[in-house]
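1. sequence and predicted structure, then a few things I'm wondering about:
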Amino acid sequence: MQQKRILIKDTDLKKDRTRDFYTAFLTEIQDKKLEEKVQLVRVSDIGIYGKGLTVRVLPENFLYCDVETGDISRIVSESVVEGRPIEALLHKPDDKQLRLVLRNCGLVDPESIDDYIKHDGYQAIATILEKMTPEKVIEEMKISELRGRGGAGFPTWLKWKLTRAVEADQKYVICNGDEGDPGAYMDRSVLEGDPHSVIEGMMIAAYVIGATKGFFYIRAEYPLAIERVNRAVTQAHEYGLLGENILGSSFKLDIEIRLGAGAFVCGEETALISSVEGKRGYPRPRPPYPSVKGLWGKPTVINNVETLANIPLIMLKGGKWFSSIGTEKSKGSKVFALTGKVKNSGLIEVPMGTTLKEIVFEIGGGGIAGKKVKAVQTGGPSGGVIPEDFINAPVGYESLQKLGSIMGSGGMIVMNEDDCMVDIAKFYLRFCVDESCGKCAPCRIGGTQLLHLLEKISEGKGEIEDLDRLRRISRAMQKAALCGLGQTAPNPVLSTLRYFEDEYKAHIVEKKCPAGRCAGLFHFSIIEEKCKRCGLCFRNCPVQAVSGNRDQGYLIFEEKCINCGRCFEVCKFEAVSRG
Amino acid sequence: MDREKLKADIKEIVEEWKTKEGNLIMILHKIENRYGYVPREVSFEISKLLDVPLARIYEVITFYNYFKLEPPGKHTVAVCMGTACYLKGGAELLSELEHILGVKEDETTKDGLFHLEIVRCLGCCGLAPVIKIDGKVFGELKKNDIIDILSHYTKQNGQMVSGVGSEVSGKP
Ligand SMILES: Cc1cc2nc3c(=O)[nH]c(=O)nc-3n(C[C@H](O)[C@H](O)[C@H](O)COP(=O)(O)O)c2cc1C
Ligand code: SF4
Ligand code: FES
């Protein structure tokens, strides 16, 4: 029997979180005396989500979902030993997704450089070093029309060209792995699942601009990503892919890792540079851009993890191939962390131009608990909400911006009727206020003011003039803040105001929170016409605030009610109203 | 702490990084990993060894959330307040924890057993809302689950099977 590998992903176990499948597989392998032949790897991403225990058998590449304890013995004996697939367990892929960036995640062993090389790894850089000038690479990147995936969407070829054009004795490349959006983990999955692709992307960037030193800047909160990147860098050094005279050429590059330390603003490029230099992560005004004056004052290219992971593939398959995917202005694919009130949460990758509707309903399986999707949030604290009316919008830099949001780095959060838009705005704003570095007044003071106003409104103390105040302060911040954090912090406020002004007004005028989130601004009552007198609410109320009986019907006593919402949840006839 | 041993430890860490530019944050990470926080006497020592003013070291420590100046509790309870967890009731879990433990964010219980902190997105939003105790993730929690989980730690103190995360067995 040839060498086999079993990958298991157990992060999606729903019912019984404590079942230890890893040990179960291990025991099975040992029982069958296959320790020498089979390697068992526990991975955090395999490309399938919400499908219970997922197992991949390599090299055959059988992919099984919803695996139960009883299936383990069969998988080992039939698929691993005999090399046959088990039809009933096989995963049926949906064709809306396109895995370019995540191509290797869950398929290639992230801890083995040999495995990466086997899958065309370091082929792109080898070809480039052999026969392409930096100008030629820039040309190819221009044809591909790849734009930065870190948020702003700046054309990657142009960034490289500008940095290449600056004369300097030393230049740097930095991989931005800070991933600050508090609801997203795309970059982490790439760093954990395919670190060599990112290294290869950095090598190509370095070769093009003439850098000899590279840095990974990774959040300290991602220990596994750090470990995997560290190992990958060491392996690349051992294989002569980093260091001097790479692959026999005159190209040299060293890569080191620097860790973030829990500051969102350090994702901003000038703050990041300051942090890599070992200082406080304060942003500084641009220009000069890092392409001219970056790390230690030297020309520096900063690219996002996902941007870099795209590059080897583009160079292998050609810019033209890449630009054939996507929309007119947004090419290629985008990874999103689809979460919130959606059935299948998880990391997805789709071609640009896929509609929000396809993502939420076809890939995500629609809203949870049969509830109507109310809005989709993209771009995290720098982005905005897109209401359900616009759910047919395609994903792309311009299309999302037109709707008052941004593509951002890939957070995509589905919201439903239980989510209050004032509360959402407050959540993001509090994040930005917490994370503001305090260097400039528009962000430090404006942000706090906005937050106060939102708190006031959500406590039912708002005045109608506050809406104008929110808008005015927001516009001032957009114009006057020093860095992207302060400039974009008002976006969640403006976009919720734009589409859900009614909800703000309900808080201010009627002193009600329609979604039932803002404490004190809602109460529960029974709608007599709808009530079937089943008594479920009566039995479920933890404080006996529901009184009555099956003959006379039921009533909720406000004085006793603690607003826990049990009755609202358990009622099968929508006979409990909240508001 | 044995002073001589401490000095030797710090010296070893600093030596490894001394020649590299922008080393301060990386040194602080190593210190934090070893002691769980950055003790004051360690900062003094680093200041001497690197020949940078103490103020510069504190300037960095206080800017970054990751570095602590107080020793943490035996178990770190991290509540995820990322967007998905927030939407699905992370705030309720936090207030329940604050209530049961009698501490607020970034504080340690009097008996030194638990340290409460807030984190943002643990990368398992599908299980939202989640909390993480030491390395182990507990997902799809309701307020009422908290007490059971905590009592597990008060009773048996340590010895947990690892849960969500990744590990690799070479040849099993
Ligand atoms: C407040 C703030 C936070 C940011 N956080 C990140 C981040 O976590 N990751 C990232 O790649 N870019 C982040 N950016 C964007 C970077 O400044 C920069 O534009 C990007 O890394 C460039 O890479 P790209 O051209 O490949 O997208 C952030 C920007 C701002 C203003
Ligand atoms: S906008 Fe905010 S985060 Fe950016 S420099 Fe100003 S205060 Fe700091
Ligand atoms: S938001 Fe909590 S795990 Fe992602």
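-> Now that the structure is in, tell me what you want to look at. Just so it is clear, the model here is predicted, and its values are computed rather than measured. Ligands and ions are numbered 1, 2, ... in the order given.

2. burial measure for the residue nearest to B:L127 when sequence neighbours are not counted, as a count.
-> Residue nearest to B:L127 in three dimensions, not counting chain neighbours: B:G139, with 2.7 Å by Cβ to Cβ, 6 or more residues apart in numbering or on different chains. For the C-beta atoms, the positions are set from N, CA and C on the backbone; glycine is no exception. Residues near B:G139, counting by other Cβ atoms under 10 Å in any protein chain shown, number 23.

3. now A:V67
-> A:V67 has 21 nearby residues by other Cβ under 10 Å.

4. also B:C124?
-> B:C124 has 24 nearby residues by other Cβ under 10 Å.

5. surely it and A:L13 touch.
-> No. Applying Cβ atoms under 8 Å as the test, B:C124 and A:L13 come out as separate, 10.6 Å apart.

6. and A:G50, how far from ligand 2?
-> Look at A:G50 and ligand 2: by Cβ to the nearest ligand atom, to the nearest Å, they are 36 Å apart.

7. before we move on, back to that, thought the residue nearest to B:L127 was touching B:L122?
-> No. Counting by Cβ under 8 Å, B:G139 sits too far from B:L122 to count as a contact (9.0 Å).

8. who touches both of these two?
-> B:V130 (Cβ atoms under 8 Å, 6 or more residues apart in numbering or on different chains).

9. returning to what we had before: return the distance of the residue nearest to B:L127 relative to A:L40.
-> Distance, B:G139 to A:L40, by Cβ to Cβ, to the nearest Å: 23 Å.

10. just the element for the residue nearest to B:G82 when sequence neighbours are not counted, please.
-> Distances taken as Cβ to Cβ, 6+ apart put B:C121 closest to B:G82, at 3.2 Å, once the chain neighbours are dropped. For B:C121, there is no host helix or strand (DSSP states H and E).

11. for B:C121, give me its contacts.
-> B:C121 neighbours (Cβ under 8 Å, 6+ apart): A:181-185, B:80, B:82-85.

12. can you tell me which of the residues you listed are in strands?
-> B:C80 (DSSP state E).

13. residue closest to the middle of chain A?
-> A:A184 (3.0 Å; Cα atoms, centre = their mean).

14. now that one: closest residue in space that isn't a chain neighbour?
-> Ranked by Cβ to Cβ, 6+ apart and with sequence neighbours excluded, the top spatial neighbour of A:A184 is A:G411, at 3.7 Å.

15. okay, and the beta partners of that neighbour?
-> Counting by DSSP bridges, A:G411 is bridged to A:A337.

16. tell me, how many residues neighbour it?
-> Using other Cβ under 10 Å, the number of residues around A:G411 comes to 29.

17. from what I see, it and A:L338 are in contact.
-> No. Taking contacts as Cβ under 8 Å, A:G411 lies outside contact range of A:L338: 9.0 Å.

18. that older thread, what pLDDT is listed against the residue nearest to A:A184?
-> Looking at A:G411, its pLDDT is 94.

19. identify the residues contacting it.
-> A:181, A:183-184, A:336-337, A:339, A:377-380, A:383, B:83.

20. which residues touch the residue lying closest to A:V80 once chain neighbours are set aside?
-> Leaving out its chain neighbours, the residue that sits closest to A:V80 by Cβ to Cβ, 6+ apart is A:K4, at 5.2 Å. By Cβ under 8 Å, 6+ apart, the contact list for A:K4 reads A:37-39, A:57-59, A:80.

21. give me that answer again for 7 Å
-> By Cβ atoms under 7 Å, 6 or more residues apart in numbering or on different chains, the contact set of A:K4 is A:37-38, A:57-58, A:80.

22. could I get the buried residue list for the longest helix along chain B?
-> Among the segments of chain B that qualify as a helix by DSSP state H, the longest is helix B:3-17. Buried residues in helix B:3-17, counting neighbours by 16 or more other Cβ atoms under 10 Å in any protein chain shown, are found at B:9-10, B:13-14, B:17.

23. so how far is A:E459 from the closest residue to ligand 3 within the stretch 151-300 of chain A?
-> Nearest residue of the stretch 151-300 of chain A to ligand 3: A:G183, at 4.9 Å (Cβ to the nearest ligand atom). Look at A:G183 and A:E459: by Cβ to Cβ, they are 25 Å apart.

24. more neighbours: which of those two?
-> Legend: neighbour count by other Cβ under 10 Å for A:G183 and A:E459, higher for A:G183 (29 against 14).

25. report the separation between that one and A:V433.
-> Here A:G183 is placed at a distance of 17 Å from A:V433 (Cβ to Cβ).

26. please apply the same query to A:G83.
-> 57 Å.

27. could you find the closest non-adjacent residue to residue 115?
-> Just so you know, I chose chain A. Nearest to A:D115 is A:D109, by Cβ to Cβ, 6+ apart, at 4.3 Å.

28. I was thinking of chain B, sorry if that wasn't clear
-> B:G73 (3.5 Å).

29. now do the SS call for the one you found.
-> coil (DSSP: H, G, I helix; E, B strand; the rest coil).

30. what about it, how many neighbours?
-> Neighbour tally, B:G73, other Cβ under 10 Å: 21.

31. so where's chain B shaky on pLDDT?
-> Scanning chain B for pLDDT under 70 picks out the ranges B:1, B:156-172.

32. what residue is smack in the middle of it?
-> Mean-position check on chain B, Cα atoms, centre = their mean. Result B:T76 at 6.1 Å.

33. quick check: it is in a strand.
-> Yes. Assessed with three-state DSSP, B:T76 lies in a strand.

34. could you chop the chain up by domain?
-> With no chain named, the answer covers chain A. According to automatic domain parsing, chain A comprises the domains A:4-81, A:113-321, A:333-416, A:421-508, A:523-578.

35. let's do chain B instead
-> B:3-63, B:75-156.

36. many thanks, I have nothing further to ask.
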